[in-house]
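> Make a model of this:
(2 chains)
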2 protein chains.
Amino acid sequence: MFFEAQSDLWSPDNPDGYIALAVAENRLTTELVQQGLQAHGGFPAAMLYYQDMRGIPELRQAIAGMLQDSFMQGVQIDPQHLSVLAGVGAVLDLLFQCIAEPGDGVLIPAPYYPAFDNDLRVRNQVTTLPVHLDSQQQDFAAALDAAAEAAAAAGHPVSALMFTHPSNPQGTLFSRQQLASMMQWCLRRKVHCISDEVYANSVFDESQQFVSAAHLLQQEVRSMEGSQHAGELVHIVFGFSKDFCASGLRVGCLLTKNTGLNKALDNISYFNSTPCPLQWSLSQLLSDKQWLQHYLQENRRRLREAYASVTSGLDAAGIPYTAAPAGMFLWVDLRAAFGGQPGSWEDEAALWRCMAQQHRVVLTPGAACHAAEPGWFRVCYAWTSPGSLPAAVSRIAAAVKQMQGSAS
Amino acid sequence: MFFEAQSDLWSPDNPDGYIALAVAENRLTTELVQQGLQAHGGFPAAMLYYQDMRGIPELRQAIAGMLQDSFMQGVQIDPQHLSVLAGVGAVLDLLFQCIAEPGDGVLIPAPYYPAFDNDLRVRNQVTTLPVHLDSQQQDFAAALDAAAEAAAAAGHPVSALMFTHPSNPQGTLFSRQQLASMMQWCLRRKVHCISDEVYANSVFDESQQFVSAAHLLQQEVRSMEGSQHAGELVHIVFGFSKDFCASGLRVGCLLTKNTGLNKALDNISYFNSTPCPLQWSLSQLLSDKQWLQHYLQENRRRLREAYASVTSGLDAAGIPYTAAPAGMFLWVDLRAAFGGQPGSWEDEAALWRCMAQQHRVVLTPGAACHAAEPGWFRVCYAWTSPGSLPAAVSRIAAAVKQMQGSAS
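Alright, predicted model coming up:
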């Protein structure tokens, strides 16, 4: 389906072409990164020699500065706690090899990024376990306890809790209190706590406050039960694919104070390291603080504009959605298509087919994201041309109406 | 030791500094690759989008052309059979995950590259098994049979035979008949056959003929028993770290016709892919056939010169070695240090310490390479400054004499 769509995409000259809203790729600001990297294409010959497989010192230093000046908001980062690897997929691959055994359970607040299932299972045979948390609650401990007990009973002792913050697919933020409750739960149960902050530099609603796990770790962890394990158990994952409009860059990072883990990575990072010439270019680009500030602002501005374009269309069409201050996603509620009935996963799949095949607009179904109930879809509004967004909304609305008609 | 040596290296101005002959890195021609890559620092914006994780089509095509024009000598390569990953370490990591179970045995003709033990064991828990083959024999079947039976009896059923050709640490070549005997053995026993050709573009002795497994696969495999399994069982590994003086480039390749394996790699290559901007630069550089031809010639010329410099010194000092037409290594016989006695591994270690600590010349001991008997050392002559090579030989000779004196 996706390949068919790709060969006949919407454009101003092809207004009947497919509109793909299913790719988790931000292309809105790619050209700025392209220009920036090209301007730093030169590199010393030593970049073709063996270097530290966890990342060259220049890049780790530059990333530490970037974190401090952006989403970690002043938290001082020791570059020795940073590993730079071949994408966030590589980071997760090595991380879970080190912290989990095959069959272990990993709790993931759902809905979540569809590919985590493959990412964690295919190489490390870890069992991913969606857990539905009530976003209105501020303390998740009871829900996590229940999920961990059910998992253990099913033969999957939980060794980690992993959450994507800001959320994919919802584009939402956890409150400081919600985050603290998750971290506290992990420390109390001696379970690894993984904060996936791969969208953390894409918080475009300035009225919202993003809180990094690094911030909690510095500010509040001391008051938590089990805080002596925090350095060993808390890991932060992020990268450049999303916030820097560069899925093809394949540069991901792990930030952890866990000494044993970093020592293991000194060895096994050999399998997942990234070219030193490219690391050099990126280090130079990130060290240009003026460029960095401008880039991050401009990227957020374009995300904000695209978001406004979709949501104003959805508002006009009367389609509900979850307000999303961050990321590149919108979680839309198309349950109206089920004609007032609860709807089944088959109904959701039928609606997906109706949109994709008849209306030529391709979304990610909630089922793929382990949604709690049928009828929700993920819209990625940053991959398609911004000009296509009004048409996308019209087509979604038309499909919902059509299904509604056939359902009632 | 190595870090101490690195901070006080030999130079014309520091003639008493350490001479490091233990790093398997060719730096003789790095500046040509640096200049070449920098000249192709530009890339299209699409290189920052998602691309095929097994490598962009442009690079796979360029590599296919490079192979055909260089060490595969006219063999036509289908780019669909090529995977480009984050270094040869990444290739081996994914390959052995797909073709072996934990505990399986892998036969490796010894002496062999010291890091294979870690590379295969640390993530995939495969058991590496040195097998000593008589280089004078043309058919290795009997030796391989015996090794495989011993391995199976020890609980390590052999699932693969892997050989580095040209050899690391010896810099030697297998004859066509020897290679064919190994491939035939694999096909007959339905065991995977992995030819590590990472030094194949570094054959600098023009009187010698390197035979790629790809050449055998095209020319001779049909006459072999079990040839119907060849596409499934034969895999070729190579990369750019060695032949292109670029350990920091982290670009390795797998060439295999195994459909299931390539399909698995379509998925798991996600964990070990390499930045598309860098892939683009490399594709442009390799497509410049004039540059490529000049580079390969010049690299071979510099290797040949460095080799001649060391061997003329060793000849003058009366130190025996294995003639090496390829690679960047020399396998030197320092058994004379044992004063006419067979010598033990402890004696070898003592000689290593004498060289490193008293004479400030650092070699790789044979024990690390699973040598058949004590007293052999690997010399890498392409990392150190060529000007240091005469001094290196004098120091080795002096250490041997000193040990000889204390032994007799």
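
> For the stretch 51-200 of chain A, which residues are neighbours of chain B?
The stretch 51-200 of chain A comes close to chain B at residues A:51, A:86-87, A:89-90, A:93, A:97, A:118-119, A:122-123, as judged by CB under 8 Å from any CB of the partner chain. No exception for glycine: its C-beta is placed from N, CA and C like everyone else's.

> Quick check: PyMOL command selecting the buried ones in these.
Selection command for PyMOL covering only the buried members of these, criterion 16 or more other CB atoms under 10 Å in any protein chain shown:
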select buried, chain A and resi 51+86+87+89+90+93+97+119+122+123
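
> Which one of the residues of the stretch 51-200 of chain A next to chain B is nearest to residue A:232?
Nearest to residue A:232 out of these is residue A:97 (CB to CB; 16.5 Å).

> so what's the backbone phi/psi at that closest one?
phi -60, psi -40 (degrees, to the nearest 10).

> now it, nearest residue through space, not along the chain?
Excluding the flanking residues, the one nearest residue A:97 by CB to CB, 6 or more residues apart in numbering or on different chains is residue A:124, at 5.5 Å.

> That neighbour in helix, strand or coil?
Secondary structure for residue A:124, judged by DSSP: H, G, I helix; E, B strand; the rest coil, is coil.

> show me the residues around it that make contact.
A:93, A:96-97, A:100, A:102 (CB atoms under 8 Å, 6 or more residues apart in numbering or on different chains).

> on that earlier part again, what's the farthest-apart pair in the residues of the stretch 51-200 of chain A next to chain B?
Applying CB to CB across these, the maximum distance is between A:51 and A:118, 30.4 Å.

> List just the nearest of the contacts of residue A:124 to chain B.
Distance to chain B, by CB to the nearest CB, is smallest for residue A:93 among the contacts of residue A:124, at 4.4 Å.

> Work out for me the element the residue of the stretch 1-150 of chain A found nearest chain B sits within.
Distance from chain B to each residue of the stretch 1-150 of chain A (CB to the nearest CB) is smallest for residue A:41, at 2.6 Å. Counting by DSSP states H and E, no helix or strand carries residue A:41.

> Skipping adjacent residues, who's closest to it in space?
Nearest to residue A:41 is residue B:41, by CB to CB, 6+ apart, at 2.6 Å.

> Give me the phi and psi for the one you found.
phi -70, psi -20.

> pretty sure residue A:143 is touching residue A:136, no?
No: counting by CB atoms under 8 Å, residue A:143 stays clear of residue A:136, with 12.0 Å between them.

> These two: which has the busier surroundings?
Between residue A:143 and residue A:136, counted using other CB atoms under 10 Å in any protein chain shown, the more crowded position is residue A:143 (18 against 5).

> Look up how far residue A:376 lies from the more buried one.
Residue A:143 sits 19 Å away from residue A:376 when distances are taken as CB to CB, to the nearest Å.

> How is chain A partitioned into domains?
A:2-24+A:292-407, A:43-287 (automatic domain parsing).

> got those domains as TSV, with mean pLDDT columns?
Formatted as TSV, the domains of chain A follow (pLDDT from 0 to 100):
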stretch	mean pLDDT
domain A:2-24+A:292-407	96
domain A:43-287	97
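
> Tell me which of those sits most buried.
Among the domains of chain A, domain A:43-287 has the highest mean neighbour count (mean count of other CB atoms under 10 Å in any protein chain shown), at a mean of 21.

> check contacts around the residue lying closest to residue A:218 once chain neighbours are set aside.
Among residues not flanking residue A:218 along the chain, residue A:75 sits closest, at 5.1 Å (CB to CB, 6+ apart). For residue A:75, the contacting residues are A:67-68, A:212, A:214-215, A:217-218, by CB under 8 Å, 6+ apart.

> element containing the closest residue to residue A:139 other than its chain neighbours?
The spatially closest residue to residue A:139, leaving aside those adjacent along the chain, is residue A:181, at 4.4 Å (CB to CB, 6+ apart). Assigned by DSSP H and E, residue A:181 falls within helix A:176-189.

> Quick one: name whatever helix or strand follows that helix.
strand A:192-196.

> helices and strands around that following strand, which ones?
Secondary-structure packing of strand A:192-196 (3 or more CB pairs under 8 Å, 6 or more residues apart in numbering or on different chains; DSSP states H and E): helix A:88-99, strand A:158-164, helix A:176-189, strand A:234-239.

> Can you add distance to residue B:269 and give these back as JSON lines?
As requested, those are arranged in JSON lines below (distance: least, CB to CB, whole Å):
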{"stretch": "helix A:88-99", "distance to residue B:269": "10"}
{"stretch": "strand A:158-164", "distance to residue B:269": "23"}
{"stretch": "helix A:176-189", "distance to residue B:269": "32"}
{"stretch": "strand A:234-239", "distance to residue B:269": "17"}
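
> And the ones you listed: which comes nearest residue A:32?
From the helices and strands packed on strand A:192-196, taking CB to CB, the stretch that ends up closest is strand A:234-239, at 17.4 Å.

> can you tell if the closest one touches chain B?
No: judged by CB under 8 Å from any CB, strand A:234-239 stays clear of chain B, getting no closer than 11.9 Å.

> what lines up beside that strand in the sheet?
Paired strands of strand A:234-239, with direction, are strand A:192-196 (parallel), strand A:252-256 (antiparallel) (DSSP bridges).

> now those strands as CSV including distance to residue A:364?
Listed next are the strands paired with strand A:234-239 as CSV, based on distance: least, CB to CB, whole Å:
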stretch, distance to residue A:364
strand A:192-196, 18
strand A:252-256, 22
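
> helix/strand/coil for the closest residue to residue A:49 other than its chain neighbours?
Nearest residue to residue A:49, sequence neighbours excluded (CB to CB, 6+ apart): residue B:248, at 5.4 Å. Secondary structure state of residue B:248, per three-state DSSP, is helix.

> mind listing what residue B:248 touches?
A:46-51, A:275-277.

> And residue A:60, by the same measure?
A:54, A:79-80, A:82, A:84.

> repeat for residue A:221
A:183, A:187, A:227, A:230, A:234 are the contacts of residue A:221 under CB under 8 Å, 6+ apart.

> Same question for residue A:383.
Applying CB under 8 Å, 6+ apart, the residues near residue A:383 are A:20-21, A:23-27, A:328.

> mind running it again at 10 Å?
A:19-28, A:247, A:306, A:328, B:49-50 (CB atoms under 10 Å, 6 or more residues apart in numbering or on different chains).

> Repeat that for residue A:303.
Per CB under 10 Å, 6+ apart, neighbours of residue A:303: A:26, A:28-29, A:171, A:199, A:202-205, A:243, A:245, A:324, A:326-328, A:381-382.

> among these, which are in helices?
The members of the contacts of residue A:303 all map outside helices under DSSP state H.

> on that earlier part again, so the residue nearest to residue A:139 makes contact with residue A:145?
No: proximity of residue A:181 to residue A:145 does not meet the contact threshold set by CB atoms under 10 Å, at 11.4 Å.

> I'd like the next helix or strand past the lengthiest helix in chain A.
If you go by DSSP H, chain A has its longest helix at helix A:289-317. Downstream of helix A:289-317, the first helix or strand assigned by DSSP H and E is strand A:321-322.

> Now do that following strand: which elements does it pack against?
Applying 3 or more CB pairs under 10 Å, 6 or more residues apart in numbering or on different chains; DSSP states H and E, one finds that strand A:321-322 contacts helix A:289-317, strand A:329-333, strand A:376-380.
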